[in-house]
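S.K.: have a look; sequence and predicted model below, questions after that.
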Amino acid sequence: MHRLEHCTSSGSGTGDLSVSPAVQQGELGLCTSNQVDRMENALPGVYGATKFRPAEFVRLLNDTPIGNVISDRQLYRHRQKSTKLRDDGKFICLFKYCAWLILERQRIRMPRKRRSVDGREVPSLNELRQILARQNYRCALTGEILTHNNFDLDHIVPIAEGGDFSAANCQLVTADVNRAKNTMREDAFIAMCERVAAYRSIGRD
C-alpha cells in the first residue's frame with residue numbers, strides 16, 4: 001500500500017502531486033494520507049500484531065480499500081480445512097493464513113500429474129485401493145490375507161515381456177510370492193508351483 005502524504009480526501013494537495021477519484025477510492029490499491037489515518041485510528045495496535053480473533057481478523061481484512069474480501073463463514077471453512085490454521089487456538093496468525101492461502105491457490109492451479117516410473121504411468125492410490133477391494137484384501141495367487149507390511153505390487157505380464165504399469169496389468173500379492181515369481185509370467189509361475197507341489201507329494205508317498 002502506498003501512502004500519498006500530500007493528498008487530501010478531495011484529491012488536492014499542497015504540492016504538485018494530485019490523484020484522480022479512482023485512486024482516492026482505492027481502486028488502484030493506493031490510500032490517501034487521510035484514509036491511512038482513519039484506518040490506524042479505527043484499529044489501534046493492529047499493525048504491530050500478528051494474531052487476531054476470527055471476528056477481528058475478518059474486520060481487519062475487510063477494512064482495507066480493496067473492500068470485502070472474506071466472510072466469517074469463509075474463514076471458518078478455511079480453518080476447518082487446515083489444521084495449521086487452528087494451531088493457535090482461538091487466534092489466527094496473519095502470516096500463517098497468507099502463506100496457506102497462497103499455497104492453496106497454487107495447488108488449485110497446478111495440473112494433477114499421474115505418478116510415473118521412468119516416464120510410464122503407474123496406478124494411482126485410488127486404483128490400488130480398488131484392486132485391494134476387488135481381491136478381498138487377499139493375495140491374488142495364494143489367498144493369504146494382505147497386511148500393510150507383507151504385500152507387493154505384481155505385474156501380471158512382466159515389464160520385461162512387454163507388460164505395462166497400468167492398473168489392469170497389476171495385482172497385489174504377498175512379498176514372498178512376488179520375490180519367488182520375480183519376472184515370470186503368471187501362468188508360467190503357477191505351472192512351476194504345481195510341478196513342485198506334485199513332485200513333493202510323490203516324494204511323501
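M.R.: Cool, the structure landed.
S.K.: so which residues of the protein form strands?
M.R.: 2-4, 30-32, 51-52, 92-93, 116-117, 120-121, 151-155, 170-174 (DSSP state E).
S.K.: any idea which of those strands scores lowest on pLDDT?
M.R.: Among those, strand 2-4 carries the lowest mean pLDDT, a mean of 45.
S.K.: for this protein, which spans come out with low pLDDT?
M.R.: Counting by pLDDT under 70, the chain has low-confidence residues at 1-48, 108-121, 203-205.
S.K.: mind giving me the domain ranges of it?
M.R.: 2-109, 117-204 (automatic domain parsing).
S.K.: make CSV out of those and add mean neighbour count.
M.R.: To be clear about C-beta, it is placed using only N, CA and C from the backbone, and glycine gets the same treatment. Putting the domains of the chain into CSV (neighbours: other CB atoms under 10 Å) gives the following:
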stretch, mean neighbour count
domain 2-109, 13
domain 117-204, 14
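S.K.: outside of the lengthiest helix in the chain, which residues touch it?
M.R.: Counting by DSSP state H, the longest helix found in the chain is helix 186-204. With CB atoms under 8 Å, 6 or more residues apart in numbering as the test, helix 186-204 has contacts from Leu141, Ile156, Val157, Ala180, Lys181, Met184.
S.K.: widest-spaced pair of those?
M.R.: Val157 and Ala180 (17.2 Å; CB to CB).
S.K.: residue ranges of the helices in the protein, please?
M.R.: For the chain, the helices defined by DSSP H cover 21-24, 33-42, 54-62, 72-81, 94-109, 125-134, 175-181, 186-204.
S.K.: need those helices in a markdown table (columns: distance to Ser166).
M.R.: Compiled in a markdown table, these are given as follows (distance: least, CB to CB, whole Å):
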| stretch | distance to Ser166 |
| --- | --- |
| helix 21-24 | 57 |
| helix 33-42 | 59 |
| helix 54-62 | 47 |
| helix 72-81 | 33 |
| helix 94-109 | 27 |
| helix 125-134 | 9 |
| helix 175-181 | 18 |
| helix 186-204 | 15 |
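S.K.: so which of the ones you listed gets nearest Asp152?
M.R.: Going by CB to CB, the one of the helices of the chain nearest Asp152 is helix 175-181, 3.8 Å.
S.K.: now for that closest one, which elements pack on it?
M.R.: For helix 175-181, the packing partners by 3 or more CB pairs under 8 Å, 6 or more residues apart in numbering; DSSP states H and E come out as strand 151-155.
S.K.: what does the strand it packs on rub up against?
M.R.: 123, 128, 139-140, 163, 165, 169-175, 177-179, 181.
S.K.: who does it pair up with?
M.R.: strand 170-174 (antiparallel) (DSSP bridges).
S.K.: what does the partner strand contact?
M.R.: 123, 128, 131-132, 135, 139-142, 144, 146, 150-156, 181.
S.K.: could you give the angle of that strand to helix 125-134?
M.R.: Angle of strand 170-174 versus helix 125-134, following axes from the mean of the first three to the mean of the last three CA atoms, to 10 degrees, is 60 degrees.
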